[in-house]
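# got a predicted model here, sequence first, then my questions.
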Amino acid sequence: MKNAMDHAESPLLAETMLRLGRLDGRLQNSAAADIYLARSRLDGAAQLAGLAGVPIRIEDLQKWIAGRSPPPRASEGLNDPISVAAVFHIALSRDEDTRDPIARASLGRLRSVLDDRTEAETYGRSDLAYFGPLWKQLREAADAPFPRSDLPSIAARVFELASLTRDHADGEARIVSVDGREMALPPRARDRNWLIATIMPRLLHRSGMTLRVIPSLILLPKFLPPSPDALVPVLMGTLRKAVDAGLRDLDKIERAARRIDERQATKRSKAPLLARLQLAYPGLTPRAVTQLLDVTPQGARKLLTEQDR
């Protein structure tokens, strides 16, 4: 444990924790926190997809959410180990029980234009049947109390979760088809570390290191090092990079949001809200705007036309 303690006392870690606290604290008071969390959720999902073996770009997710394309990689004829739709649904379900009103509102906005459960059932039903029970088990284990609020405790919990994935039986998973037939799915020998990475933002929150779940703090590499002690410096390095990127993104989002607030608009106008939504989900279609803002299709097209001027 000596190595982990050495890292815990290092000046670099102290600086990293200070910067994490700065990001977390700013999100408590930022008027653009909802936009940042929405963008952070897409960033985290894109990272997870890469860890799961289905590399995508954030822009691919944005097109899917905006209704401009099917889920990334769904129509490319690739023999992917898991569907992006399933990864995305599992990532969103991590935050379903959050008590953070801003995070709930951000998640609710997203789900008003993209039904991730239906999409996962359509494009990755066998993935849900296979990973669903393990995901629930991992999430319950992740929420157990932490002895301390530090990276060594996080690293130890990661290895506890990893042992659960190894113990998970690789036997057949069974699903029931629409017409009532029961089908057995063959066992899958594949890496499951991406499931643990999905929970990393929640681990940071549950351990007391952050006041809210910050979805982009995925942190884990594709393959774990040999021990919790060896994982601590990895977490420290990835956390520093993620936090620095998060602070830069928050600066940009806040500047863009201030420009929106400075626009001249009537009190009843929904144009400022649409502009904020487009910061989170660029390329929204008229259909998506109709659902998000509860306006007519004609009104949605008019708003989008005004935004383009």
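The structure has been received and is ready for your questions. Numbering: from 1, shown residues only.

# where does the chain have low pLDDT?
Along the chain, segments meeting pLDDT under 70 span 1-9, 167-191, 261-267, 309.

# mind listing the helices for the stretch 201-309 of the chain?
Per DSSP state H, counting those that start in this stretch, the stretch 201-309 of the chain carries helices over the ranges 228-261, 271-280, 286-293, 297-307.

# what lies in contact with the shortest one?
Counting contacts by CB atoms under 8 Å, 6 or more residues apart in numbering, the residues outside helix 286-293 that touch it are 65-67, 109, 112-113, 270, 273-274, 277, 281, 284, 295-297, 299-301, 303-304. For the C-beta atoms, the positions are set from N, CA and C on the backbone; glycine is no exception.

# what does stretch 229-245 give?
Stretch 229-245 has contacts (CB under 8 Å, 6+ apart) with 1, 3-4, 7-8, 10, 12-13, 15-16, 19-20, 23, 151-152, 154-155, 158-159, 216-221, 224-225.

# how about stretch 60-73?
Contacts for stretch 60-73 (CB under 8 Å, 6+ apart): 42, 45-46, 49, 54, 56-57, 80, 83-85, 88, 110, 113-114, 119, 123, 281-285, 287-288.

# could you rerun that using 6 Å?
42, 54, 56, 80, 84-85, 114, 123, 281-285, 287-288 (CB atoms under 6 Å, 6 or more residues apart in numbering).

# which PyMOL command selects the buried ones in those?
Buried residues among those (16 or more other CB atoms under 10 Å), as a PyMOL selection:
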select buried, resi 42+54+56+80+84+85+114+123+281+284+285+288
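
# for the helices of the stretch 201-309 of the chain, which one sits closest to residue 34?
Nearest of the helices of the stretch 201-309 of the chain to residue 34, taken as CB to CB: helix 271-280 at 7.7 Å.

# what are the buried residues along the closest one?
Buried, per 16+ other CB under 10 Å, within helix 271-280: 271, 274-280.

# export those to TSV and tack on distance to residue 241?
Converted to TSV, these look like this (distance: CB to CB, whole Å):
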residue	distance to residue 241
271	36
274	33
275	30
276	27
277	28
278	27
279	23
280	22
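
# just to revisit the earlier point, give me the buried subset of the contacts of stretch 229-245.
Those of the contacts of stretch 229-245 that meet the buried threshold are 4, 7-8, 13, 16, 19-20, 23, 151-152, 154-155, 158, 216-220, 224, by 16+ other CB under 10 Å.

# hang on, the earlier thing: take the helices of the stretch 201-309 of the chain and lay them out in JSON lines including distance to residue 207.
Formatted as JSON lines, those follow (distance: least, CB to CB, whole Å):
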{"stretch": "helix 228-261", "distance to residue 207": "12"}
{"stretch": "helix 271-280", "distance to residue 207": "27"}
{"stretch": "helix 286-293", "distance to residue 207": "34"}
{"stretch": "helix 297-307", "distance to residue 207": "41"}
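
# for the ones you listed, which one sits closest to residue 101?
Closest to residue 101 of the helices of the stretch 201-309 of the chain is helix 271-280 (CB to CB; 16.5 Å).

# list of residues touching the closest one?
Contacts for helix 271-280 (CB under 6 Å, 6+ apart): 35, 38-39, 256, 260, 265, 284, 292, 303.

# was I right about residue 165 contacting residue 196?
No - applying CB atoms under 6 Å as the test, residue 165 and residue 196 come out as separate, 7.1 Å apart.

# looking at those two, which is more packed in?
The residue with more neighbours, out of residue 165 and residue 196 and counting by other CB atoms under 10 Å, is residue 196; that gives 23 against 15.
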